[in-house]
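Enquirer: coordinates only, sequence not included:
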Ligand SMILES: NC(=O)C1=CN([C@@H]2O[C@H](COP(=O)(O)OP(=O)(O)OC[C@H]3O[C@@H](n4cnc5c(N)ncnc54)[C@H](OP(=O)(O)O)[C@@H]3O)[C@@H](O)[C@H]2O)C=CC1
Ligand SMILES: O=C(O)CCC(=O)C(=O)O
């Protein structure tokens with residue numbers, strides 16, 4: 001017997017988790033007999049909320065709320081990043097963990113889905129405070145993570161240094177160095193070549209494939225990017241290297257535009273120095289709402305969820321949207337874009353490059369044998385291309401969007417694993 005979902009698990013509940021549930025509803029008719037088990041996708045396996053108290057530099061105490069959610073582990077240990085952001089909520093982390101289950105299955109990695117986060121604006125913390133926060137959070141979630149249980153990685157506002165502190169804290173508690181407990185580590189601690197660039201490289205690779213399918217030449221193609229951090233910055237760089245023109249970029253600091261194309265290396269250097277695109281000399285400033293209607297061929301949302309909405313979807317000029325971010329497009333906006341003939345390469349496929357190289361890192365840590373960068377990039381590109389081809393074929397076969405096609409492939413794999421493991425009567 002199935003009880004009604006609690007309100008925070010309800011599809012009508014606005015927010016990322018509600019969006020994820022609507023996506024599951026859309027895939028269910030395509031799951032055949034496996035649709036009997038679809039309820040398992042509609043609730044996380046395990047959700048941990050932790051209090052993270054730290055001493056601030058001024059001697060006072062502060063308490064932050066942290067989360068680690070394991071959505072599904074049918075296909076392997078939980079895998080997914082950790083986000084430090086002032087707007088992080090349990091519902092958001094639940095959705096991000098579920099998208100990890102789908103993503104990992106879509107590119108056929110032997111992982112389930114998990115995600116973590118702390119509700120904090122890390123920009124307000126000193127380095128020492130950030131380290132104490134990271135270590136206490138790791139200690140608190142230490143009861144559910146581990147190299148064969150659940151392996152965190154970087155996400156928004158987290159990086160190699162934070163992964164190093166997480167690895168060290170977990171190892172201290174275990175009494176042995178456990179490099180496989182997190183990925184996205186510095187190279188000197190068992191990190192992998194190519195991990196930092198992997199998500200952007202994956203975005204670029206599926207972009208190449210999608211552009212080829214719709215007859216869009218990347219040379220001279222105009223690109224708009226929202227979010228110029230790890231994902232958006234690297235993707236922008238790779239498109240520019242391929243001869244595309246990055247004409248518009250938006251981050252928290254504002255939006256900038258240059259019809260003939262921004263100088264991407266100079267913009268990356270500016271962001272590294274100043275923290276945002278504001279003040280970049282070689283561009284005109286545009287308003288944030290105008291960003292969505294700039295003339296462009298490819299739009300890459302690479303910031304946060306729910307950025308492409310029914311309000312701005314009708315204005316988008318691009319023929320192709322490649323979702324670098326997780327959950328950037330609401331289901332209603334998805335429908336508007338589809339009706340308008342805009343092709344959307346969904347997050348659960350487009351940004352899978354990061355976790356794919358995280359998988360390589362995890363394998364390298366276990367074998368204590370490290371691969372060369374060319375080998376890593378070749379394997380990454382091959383996996384992304386094969387996954388894209390399978391999704392394209394499934395979309396044509398069923399007459400559905402690339403998002404629903406990716407969900408068909410991934411949810412079938414997850415539910416088959418569930419069934420084979422005999423978790424059902
Ligand atoms: N890192 C990874 O390997 C992966 C990341 N992703 C997803 O990609 C997205 C970006 O992550 P990542 O690049 O790692 O994060 P970063 O922290 O490196 O960068 C985030 C970027 O988004 C910008 N941003 C944040 N909020 C807004 C906003 N409201 N409007 C405009 N810009 C905003 C930030 O600007 P500012 O600095 O000014 O705040 C920054 O440029 C997230 O959705 C993440 O989940 C997906 C797969 C893997
Ligand atoms: O590299 C990883 O394990 C996870 C990356 C991630 O958080 C994501 O794909 O959203």
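Expert: Yep, it's here. Not measured: the values here are computed from a predicted model. Ligands and ions are numbered 1, 2, ... in the order given.

Enquirer: quick one: buried residues of stretch 235-245?
Expert: Using 16 or more other CB atoms under 10 Å as the test for burial, stretch 235-245 gives 235-240, 244-245. Backbone N, C-alpha and C define where each C-beta goes, glycine included.

Enquirer: Three-state assignment for residue 57, please.
Expert: Following DSSP: H, G, I helix; E, B strand; the rest coil, residue 57 is assigned to coil.

Enquirer: what's the answer for residue 255, then?
Expert: strand.

Enquirer: tally up the residues packed near the spatially closest residue to it that is not a sequence neighbour, please.
Expert: Excluding the flanking residues, the one nearest residue 255 by CB to CB, 6 or more residues apart in numbering is residue 291, at 4.2 Å. Neighbour count of residue 291, defined by other CB atoms under 10 Å: 23.

Enquirer: I'd say residue 291 and residue 254 touch.
Expert: No. The pair residue 291 / residue 254 is not scored as a contact, 9.1 Å apart, by CB atoms under 8 Å.

Enquirer: now do the shared contacts for those two.
Expert: Common contacts of residue 291 and residue 254, defined by CB atoms under 8 Å, 6 or more residues apart in numbering, are absent altogether.

Enquirer: host element of the closest residue to ligand 2 within the stretch 201-350 of the chain?
Expert: Residue nearest to ligand 2 within the stretch 201-350 of the chain: residue 326 (5.2 Å; CB to the nearest ligand atom). Assigned by DSSP states H and E, residue 326 falls within no helix or strand.

Enquirer: do residue 300 as well
Expert: Assigned by DSSP H and E, residue 300 falls in strand 298-301.

Enquirer: now do residue 295
Expert: Using DSSP H and E, no helix or strand contains residue 295.

Enquirer: for it, grab the count of nearby residues.
Expert: Neighbours around residue 295, by other CB under 10 Å: 12.

Enquirer: can you read off the pLDDT for the nearest residue to residue 301 once chain neighbours are set aside?
Expert: Leaving out its chain neighbours, the residue that sits closest to residue 301 by CB to CB, 6+ apart is residue 328, at 3.7 Å. Note on residue 328: pLDDT of 98.

Enquirer: got a list of what residue 328 touches?
Expert: By CB under 8 Å, 6+ apart, the neighbours of residue 328 are 226, 301, 303-308, 347.

Enquirer: and the helices in the stretch 101-250 of the chain?
Expert: Assigned by DSSP state H, counting those that start in this stretch, the helices in the stretch 101-250 of the chain fall at 127-141, 160-174, 195-213, 230-241.

Enquirer: buried sites along the second one?
Expert: Looking back up the chat, that one is helix 160-174. The neighbour-count check on helix 160-174 (16+ other CB under 10 Å) flags 160, 162-171 as buried.
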